[in-house]
Structures are given as structure tokens and as C-alpha cells.
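Enquirer: Give the three-dimensional model of this entry:
(2 chains)
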Number of protein chains: 2
Amino acid sequence: MAFEPFDKVALIGLGLIGSSLSHVMRREKLAKAISGHARSAETRDRAMELGLADTMHEHAADAVRDADLVVLCVPIGVCGQVAQAIAGALKPGAIVTDVGSVKAAVIRDVAPHIPDGVHFIPGHPIAGTEYSGPDSGFASLFEDRWCILTPLNGTDKGAAARLTAFWRACGSDVDVMEPDHHDRVLSITSHLPQLIAFNIVKTAADLEEVTQQEVIKYSAGGFRDFTRLAASDPTMWRDVYLNNRQAVLELLGRFSEDLSALQRAIRWGDGDMLFDTFTRARGIRQRIIEAGQDTAEPDFGRGGQHGETADSARDKD
Amino acid sequence: MAFEPFDKVALIGLGLIGSSLSHVMRREKLAKAISGHARSAETRDRAMELGLADTMHEHAADAVRDADLVVLCVPIGVCGQVAQAIAGALKPGAIVTDVGSVKAAVIRDVAPHIPDGVHFIPGHPIAGTEYSGPDSGFASLFEDRWCILTPLNGTDKGAAARLTAFWRACGSDVDVMEPDHHDRVLSITSHLPQLIAFNIVKTAADLEEVTQQEVIKYSAGGFRDFTRLAASDPTMWRDVYLNNRQAVLELLGRFSEDLSALQRAIRWGDGDMLFDTFTRARGIRQRIIEAGQDTAEPDFGRGGQHGETADSARDKD
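Expert: Numbering: from 1, shown residues only, chains lettered A, B, ... in the order given. Now for the predicted structure:
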């Protein structure tokens, strides 16, 4: 069943997510018009050059006027002030959603500003790359990814169905979750791994006996995967940690305890404990492949397509 | 310049590295004959079925007889006993090398058994996938990867040159390093990241409020990269930690201190500290790409080839 396009969609923020939404909306004809807002004149100009929006606006309120769908694609920390800025300009019956990786804090900051008759339905597409900015978007970013909606009590069913259909038209599967539970799930599947990645890269950078050049040169052995994560947008991630404090701190405690146990096993030469822990972890990987969340392709060293040197991760010379 | 093939190469162990060496030696014609040893009859049979060796032997000593090159492709923890078992059968003038991810411990365990007139030159190809066993090998595993040799004082120059040429013929670049320095470099580029990956997967598996199913379902957000690492061979990794204790423990101390600092910043809402740390980590990623150790392809969510749904990491249905 074809998606009945929105007359006008407003993208507040034209970074990776905003620009990708524009591309997929253009490709799938999900909006008759797209308006956009970005804080910097540079991003606004670039967005127009790339055709990401039909109109770009210096003030978010001007972008949302007459929009049927407003998507906040800005760091979590500014969602509240953006909501305040656009509140008076929102069209009655419009849907307002966001794409933030933390939901309870966004609801806390945004919901109070949303006028009656406007449908605020928080959302989180679990999709991304390590790149950011208006040039980083692409139409297939959301394809075969999950988008989690965390609607508030009493949310209009028609509006929720419409937003669900929109994300499906973008290629995603849609799940519904309680905001607090979402934040706990994401703290382990995303926020903690990301923090660990930032941290290990920092630890490596501070070594005296191993040069940064050596770390970079021999990074194929595992470290490289962490640096890829660590290349993600610092502002976005800072706001995630500041706004999902409780869940992340709770997890960090557990992670550190578990790591101390491994450290102790290494110090005392407890090979059985190490073997058992590693074996258990291995089993989870198998279940992720079975769940279809990744392929079984060997890719430890990237570009590990058998025999395809063109795919090789490092160019000679 | 074509590589003058060895008359006979013995592969002790036919796992990922051993079987990959066989494939590349066959393809590049680096050995006129390949003999092999594996502890289990099952692996020996499978290796013969796959044509990985011309002869497979129950006893390692029988495999190395008349071999010009002997490659120990077994977990670090058994290198010493293998060296002891083969010592009496080694051909004068033969080269013995290994592929272990720790060098000082292998030298400690192996060197005392090597008879005069046999050239022991420890080595470490920095290459791998998360798979293991005789079926996991492929000829291009070593292509464009680094192989680090850590020759002992007084190593025969001709033998070292021959082994270097061999690895180059396998597609690798060769570096020479002091054993202790190798172990410190690898502790940060490989051993610590791997341990962290095992640990975070364990932490996730033990959560009460978030089900393992949820962790697996929403793993695209960073966690998946860790599970890939965590799928690696538990025996191999147990031996790495037991044999590179000092370097790994030293690093774990630093890592934990750094993580505590981030944890404190999250608790107290120190956004500037988080932002600065994340920004610094991001810079290192850029330098890895510049060094050619990875491509700039966006791949955070895997299968992120723009517009190529066939490559999509998750199959619908």
C-alpha cells in the first residue's frame, strides 16, 4: 500500500539523520515539500545546494509553519529549546517527532512545550554511521533498521499509525517501547559500547612506550573497530551521556566489576575462568547472526571478502 | 622476483592461520610439498579432505621431518611442548617460526628446545577473522597485512631474509621488532580491545532488566562490533592473556583509570570533559584512515554501502 505523502515535512537539523531523511523522502516521494532549519548559515547553504530542502530557514519556527510532520534531528541537549522556539508556529494536527538516542530526557524537555492538538510522538531510528553533517546522509540509512517509537499515554492512534507508516516507508521496522526501557536497552546496545570505544582510543593515545604511529599502523588487530565508533559526533554523544546518566552509570558499574574479575583471572593465571567467559561471549555472537542482525562474513580485519584484493582494507603504496 | 619455493613446509596446527597459509602457499606455489600435524583425528581428516596438506601426521615430529620451514600455528600455550616434541626431528638448516600474538613468552618456551643449526625466528602475522578451524582459512588472509618478525640476537641473516621473502610472497608487509616491544604494541592494538569486547558481551548477557533477545535485536548500535570480536577462539585468547600478563595488566590499569574519569564526568554532568575526550578520540580515527589501515566507507551499521540493499546487514523476513 503506497504511503500517502505529507504535504510538508520540516527537518530541524540537517546532519546525518536529517539529510538521510531528506534523501529517502525524495526517493520514496513521502513529502510534497520539505522545509529545513539549521543553526549555521553554512549548513543552510549546503543543504540548499544539495537540494535537501525546498526552503531553509534561519529560525526553526519558520521551518515548521504549515508542516504536517516535524522531525527534530538535533542533539538531545537542544531538543527542549527547539521545542520552545517552534511551539507557537506548530500547525494544529501536526506530528512532532525526534530521533534522539535517549527518550525519557527528550520527553521531559520537549513535551511541556507542545500545544494541545499537536501530536508529540518520540522516536529513535537505530541507524547511523560515524559521519555527520549535511553531506553524510544517504537514502538507504534506515533500510532494514529498527525504529523505536515511545509514545506517551493517550497518544492519538491515527497519528501514531501515520508516523509508523512513515518510518516503514523509509525502510525501517517499527517497534514500540516504554521510554525508560528504551533508555536501558540502548545503554547496553549503544551507549556503553560507544563510551568504551572513546575510552580505549584515549588510553591508546596516552601511551608513552608505544607511539601513536605504531597504534595506527598495527590497528588491524581489533583496535580499528573501536576507532570507527570513536569517530562519531562528539556533541551528539556528550548529550547522550548527560541525558541517560542513570542507566549508563549503572551499566558502567557492572562493566567495571566484570572487567576487574577478568583482570584478577589474568593476574592469577586462572585460565579456566578466562576460557569460560570467552566461550560464553562467543555464543551470543552466534545468536546475533541467527537473528539476522549481522552476516556471517568473516570481517574481523575488514575487507575480508575471500580472494577479493580490490576490497582489501589497506592500499599498498 | 619470484620466490624460490621451499621443498617442504610443515604446518603444525591447521586452524585459521595454518589453513590460510596452506591456501596461499598453494596459490603462490611457495612449497613443493606441505606436511601437517593436528592433534585431533577429525582435523587431520578434514585437512586431507580439503587438500590443505599432502600428508597429515598424528605426531608433530613426523610432520617436521625433512621440512625446510616449520610454522607453529598452535595456541601460544602449547608452543613449548610442540617445540620439545619436534626438536629431535628438525632438519639442520631448517627455519622454525610461529604465528603467536605474544612473542616474549613464545621465545621463552620454544627457544630452549631448538637445536643448533636450526633457525628459530619468531613471527606474528597481524591477520585474522573471528572464525577458526581448518575450514576457516582463505588465501588472501595475509594480503596487505603486517607480519612482525622478532628475531633473536645473532639470527642468521640468510634465514631471516628467506622468511621475510616468504611472508612477502604471502602478500604481507614485514616489520622487525624487539619481542617485548611487540608485546606492548599488541597489548593495545589487539589484546586489550579483545578483552573489552569479551567483557562487554558478558556484561550484556547478565542483565536482568534487558533481555538477551533485546540486546541481540537492537545490537546494530555499536554492540554488534564487539560481539564480532568476542566470537574469536577462546583457547587462543586465553593463552594470549596468560602469556602477556604484564603488558595487559598495565594497560588495564590505565584503561580503568580513564574510564573512571569518564564515569565521574557523566555523574557530575561535566559535558566539556566528555566533549574534549570524544573530540580527541575522533582525530585518531582520521589518522588511521590516512595511514591506509581502513577505508573511509561509512560502515558503522555494516552493509552501509550507499543504496545497495543487497548488502544490507539484516535480511527481512
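Enquirer: Skip the chain neighbours and tell me the closest residue to A:Gln84.
Expert: Counting by C-beta to C-beta, 6 or more residues apart in numbering or on different chains, A:Gln84 lies nearest to A:His113, which is 4.9 Å off, once chain neighbours are set aside. C-betas here are computed from N, CA, C, even on glycine.
Enquirer: what sits against that neighbour?
Expert: Taking C-beta atoms under 8 Å, 6 or more residues apart in numbering or on different chains as the criterion, A:His113 is in contact with A:80, A:83-84, A:87.
Enquirer: is it true that A:Leu50 touches A:Pro134?
Expert: Yes - the pair formed by A:Leu50 and A:Pro134 meets the contact definition of C-beta atoms under 8 Å, at 6.1 Å.
Enquirer: okay, the two: which has more neighbours?
Expert: A:Pro134 (26 against 15; other C-beta atoms under 10 Å in any protein chain shown).
Enquirer: give the contact list for the more buried one.
Expert: With contact taken as C-beta under 8 Å, 6+ apart, A:Pro134 is in contact with A:14-15, A:18-19, A:38, A:43, A:46-47, A:50, A:52.
Enquirer: before we move on, what SS does it have?
Expert: Using DSSP: H, G, I helix; E, B strand; the rest coil as the criterion, the local structure at A:Pro134 reads coil.
Enquirer: so A:Leu11 is in which element?
Expert: Element membership for A:Leu11, per DSSP states H and E: strand A:6-12.
Enquirer: Briefly note if the very next helix or strand once past that strand comes near chain B.
Expert: Going down the chain from strand A:6-12, the next helix or strand is helix A:16-28, by DSSP H and E. No - counting by C-beta under 8 Å from any C-beta of the partner chain, chain B is not contacted by helix A:16-28; separation bottoms out at 8.8 Å.
Enquirer: Over helix A:16-28, what's the mean pLDDT, rounded is fine.
Expert: Confidence over helix A:16-28 (mean pLDDT, whole number) is 98.
Enquirer: Other residues contacting it?
Expert: Outside helix A:16-28, the residues within contact range by C-beta under 8 Å, 6+ apart are A:3, A:9, A:11-12, A:14, A:30-31, A:34, A:36, A:47, A:50-53, A:71, A:73, A:99, A:125, A:127-129, A:131-142, A:169-171, A:233.
Enquirer: ok, of those, which come out buried?
Expert: A:3, A:9, A:11-12, A:14, A:30-31, A:34, A:36, A:47, A:52-53, A:71, A:73, A:99, A:125, A:127-129, A:131-142, A:169-171, A:233 (16 or more other C-beta atoms under 10 Å in any protein chain shown).
Enquirer: Out of those residues, name the ones that lie in helices.
Expert: Under the assignment DSSP state H, the buried ones among the contacts of helix A:16-28 contribute A:47, A:169 to helices.
Enquirer: Chain A: strands as residue ranges?
Expert: If you assign secondary structure with DSSP state E, the strands in chain A sit at A:6-12, A:31-37, A:55-57, A:69-72, A:95-98, A:119-120, A:123-125, A:146-149, A:173-176.
Enquirer: Looking at these, which is nearest to chain B?
Expert: strand A:146-149 (6.1 Å; C-beta to the nearest C-beta).
Enquirer: I'd like to know which elements that closest one is packed against.
Expert: If you count contacts as 3 or more C-beta pairs under 8 Å, 6 or more residues apart in numbering or on different chains; DSSP states H and E, strand A:146-149 packs onto strand A:123-125, helix A:157-169, strand A:173-176.
Enquirer: Recalculate using a threshold of 10 Å.
Expert: Contacting strand A:146-149 under the criterion 3 or more C-beta pairs under 10 Å, 6 or more residues apart in numbering or on different chains; DSSP states H and E are the following elements: strand A:123-125, helix A:157-169, strand A:173-176, helix A:179-186.
Enquirer: Could you work out which of those reaches nearest to chain B?
Expert: Go through the helices and strands packed on strand A:146-149 one by one with C-beta to the nearest C-beta and the one that ends up closest to chain B is helix A:179-186, at 5.1 Å.
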